[in-house]
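In: Show me the folded form of this:
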Amino acid sequence: MFGGGDKIKIDKDLLEKVKKFSSIAGYSSPEEFVHHVLEREITKFEKDGESEEEIRKRMQGLGYIS
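Out: Numbering: from 1, shown residues only. As a prediction, the model looks like this:
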């Protein structure tokens, strides 16, 4: 999915949710679901034309980074 052997760790509970909802939504795999969600979120940042600092502040406000 991420090519080059890169891996991303996901909390066990979140992974179970990903598996559940990817199946419900009709994705062929949890990886396909995660890929689609990440692409959609990244596109939002690109469309907004935000700078790295604006993105960082927004993600901190959402609690994704400290």
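In: who does the lowest-mean-pLDDT helix or strand in the chain touch, helix- and strand-wise?
Out: The weakest-scoring helix or strand in the chain, judged by mean pLDDT, DSSP states H and E, is helix 52-61 (a mean of 80). Helices and strands touching helix 52-61, by 3 or more C-beta pairs under 8 Å, 6 or more residues apart in numbering; DSSP states H and E: there are none. C-betas here are computed from N, CA, C, even on glycine.
In: Helices of this structure, residue ranges please.
Out: For the chain, applying DSSP state H gives helices covering 12-24, 30-48, 52-61.
In: among those helices, which is nearest Asp6?
Out: For the helices of the chain, the distance to Asp6 is smallest for helix 30-48, at 12.6 Å, taking C-beta to C-beta.
In: buried set for the least confident helix or strand of the chain?
Out: With burial defined by 16 or more other C-beta atoms under 10 Å, not one residue of helix 52-61 is counted as buried.
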